[in-house]
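Asker: Quick one, structure for this:
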Amino acid sequence: MKKVLHTASSRGHANHGWLNSFHTFSFAGYHNPSRVHFGMLRVLNDDVVAPGMGFGTHPHENMEIVSIPLSGALHHKDTTGRDEIIRSGDVQIMSAGSGISHSEMNASRNEAVNFLQLWIFPKLENITPRYEQKTFEKSDRLNKFQTVVSPIENDGAIFINQDAFLSLTDISSANTLEYKLHSNNAGVYVFVLEGSVTIDGEKLSRRDGLGISDTVSFNITADDDASLLLIEIPMLGE
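Answerer: You can find the predicted model right below:
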């Protein structure tokens, strides 16, 4: 098993006033040549956007972009004609494909929104841009893995143009879960949203990340009540 640990305090950080952003991987003004990507996972940003503020309309192409609100709500608009509110409990994906422009604004004038933004390299390039979002029940992830993004169509998750599986879990203190990878060519990036866990002797706390590869499974033990995001991603070319 190979492991790479990224502590919360080692992340890149940019505070623009309206946006307080932490970067697990190199992004914008933060560049760390040893932290450019993990497999096909290119960006994992932990963003807090002030009330009434946000990202104005801007373009993307050939990237799978996943947004997961942790608290508050986002107002999304894009050139496919979508005009949606994304709330805590929702997961959104946008396949930029051949080209798309979008905006992501805080939907509230009173409270901040905290959301994760992930960029994943696509499997097929220049596809027709697409958008999907879905609400997932928190009760369906207690002491088990809830797949929220999947390359398998119609399996209850939202579809991604990549051989990637994103799962959420809430693990009660002292419980252990075994995660089994879908592919021998994949790795998993575990990101601790809340609480603390131990994985193969590595102790992780809130907002720590651990990249795991060269294994078919691993165990996660909750040191106290914990919430995690697991990103299984192809490691080809590593």
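Asker: which ones are touching the residue nearest the centre of the chain?
Answerer: Centroid-nearest residue in the chain, with CA atoms, centre = their mean: residue 118, separated by 4.6 Å. Residues near residue 118 by CB atoms under 8 Å, 6 or more residues apart in numbering: 41, 43, 44, 45, 65, 66, 67, 68, 166, 231. (Each C-beta comes from the backbone N, C-alpha and C, glycine too.)
Asker: tell me which element it falls in.
Answerer: For residue 118, the host element (DSSP states H and E) is strand 113-120.
Asker: What pairs with that strand, parallel or antiparallel?
Answerer: strand 41-49 (antiparallel), strand 64-71 (antiparallel) (DSSP bridges).
Asker: What is the subsequent helix or strand relative to that strand?
Answerer: Following strand 113-120 toward the C-terminus (DSSP H and E): strand 130-135.
Asker: what's the offset of that next one from the middle of its chain?
Answerer: A distance of 14 Å separates the centroid of the chain from that of strand 130-135, by CA atoms, centre = their mean, to the nearest Å.
Asker: Tell me the helices and strands packed up against the next helix or strand after that strand.
Answerer: Counting by DSSP H and E, the next helix or strand C-terminal to strand 130-135 is strand 146-150. Counting contacts by 3 or more CB pairs under 8 Å, 6 or more residues apart in numbering; DSSP states H and E, strand 146-150 packs against strand 90-95, strand 158-159, strand 165-171.
Asker: TSV please, covering those and showing distance to residue 178.
Answerer: Output for the helices and strands packed on strand 146-150, formatted as TSV (distance: least, CB to CB, whole Å):
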stretch	distance to residue 178
strand 90-95	23
strand 158-159	25
strand 165-171	12
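Asker: want to throw those into JSON lines with distance to residue 83, mean neighbour count and mean pLDDT?
Answerer: Listed next are the helices and strands packed on strand 146-150 as JSON lines, based on distance: least, CB to CB, whole Å; neighbours: other CB atoms under 10 Å; pLDDT from 0 to 100:
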{"stretch": "strand 90-95", "distance to residue 83": "13", "mean neighbour count": "23", "mean pLDDT": "97"}
{"stretch": "strand 158-159", "distance to residue 83": "18", "mean neighbour count": "18", "mean pLDDT": "98"}
{"stretch": "strand 165-171", "distance to residue 83": "24", "mean neighbour count": "22", "mean pLDDT": "98"}
